[in-house]
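> Mind looking at a prediction? Sequence and model below.
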Amino acid sequence: MIEFKECFKGHTIECVFDQARTHTAKSHSVNDFSRSVGTKCTVDKIQYLDPNGKARSIDCFFQSGPNKGLSKGLDVIAKELGIAQPEKFKLPALRDHLSTHPAFQNVGVSQYSAIFQKFTILFAFHRSLVSNFLRKNTT
């Protein structure tokens with residue numbers, strides 16, 4: 001998408017998706033992360049909207065320092081999200097607590113793409129539904 005930002009600057013882009021699971025599946029889950037530095041992590045970055053509607057982003061891997069290239073783990077991510085003393089929680093309780101944070105809410109991949117790439121999403125119904133409606137409601 002980045003290469004098109006300059007070419008289509010000032011244009012309105014509308015994307016049409018059907019209601020397939022792949023378009024509405026969430027990009028990550030709190031269960032996709034382990035607790036410690038350098039452990040399981042399935043995404044490079046978490047993008048979310050804060051309560052004020054402002055787009056936020058957190059890297060899931062260290063970008064510099066002695067842990068550069070390693071995953072941050074839930075303890076570090078929780079601290080960056082403003083959760084006080086995450087190390088005092090047991091892992092299930094920490095995951096429970098984080099699951100209520102906007103960064104881990106169930107928002108589909110296509111919805112995040114629209115928010116962060118600034119384009120409009122239109123959902124299309126299955127072709128047979130449209131055909132049946134037209135057949136029944138037109139002469």
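Arrived safely. Given the structure is predicted, the values throughout are model-derived calculations rather than measurements.

> Every contact and neighbour count from this point should use C-alpha atoms.
Noted.

> Wait, Q63 touches G69, no?
Yes. Between Q63 and G69 there is a contact at 6.3 Å, judged by CA atoms under 8 Å.

> Tell me how many other residues surround K136.
Residues within reach of K136, counting by other CA atoms under 10 Å, total 9.

> Give me the three-state assignment for it.
Of the three states, K136 takes helix under DSSP: H, G, I helix; E, B strand; the rest coil.

> Contacts only, for it.
Taking CA atoms under 8 Å, 6 or more residues apart in numbering, we find K136 in contact with no residue.

> Could I get the pLDDT score of P66?
Note on P66: pLDDT of 95.

> for the one 5 residues further on, same thing?
pLDDT recorded at S71 is 94.

> I figured it hits I58, correct?
No. S71 lies out of contact with I58 (CA under 8 Å); the separation is 11.8 Å.

> what about the two, which has more around it?
Taking other CA under 10 Å, S71 and I58 do not tie; S71 has more neighbours (26 against 14).

> ok, for that one, nearest residue in space, not its chain neighbours?
F61 (4.2 Å; CA to CA, 6 or more residues apart in numbering).

> Could you count how many residues lie near that neighbour?
The tally of other residues near F61 (other CA under 10 Å) stands at 20.

> F62 too?
Neighbour tally, F62, other CA under 10 Å: 17.

> for the one 10 residues further on, same thing?
Look at K72: counted by other CA under 10 Å, it has 25 neighbours.

> how close does it sit to K9?
Between K72 and K9 the computed distance is 35 Å (CA to CA, to the nearest Å).

> Please list the residues outside stretch 70-90 that contact it.
Contacts of stretch 70-90 (CA under 8 Å, 6+ apart): 33-41, 58, 60-62, 94, 98.

> where do the strands sit along this protein?
14-17, 45-49, 55-59, 120-123 (DSSP state E).

> Now do the closest residue to S29 other than its chain neighbours against L70, distance only.
Computed as CA to CA, 6+ apart, the closest residue to S29 that is not its neighbour in sequence is F104, at 6.2 Å. Using CA to CA, one obtains 21 Å as the distance from F104 to L70.
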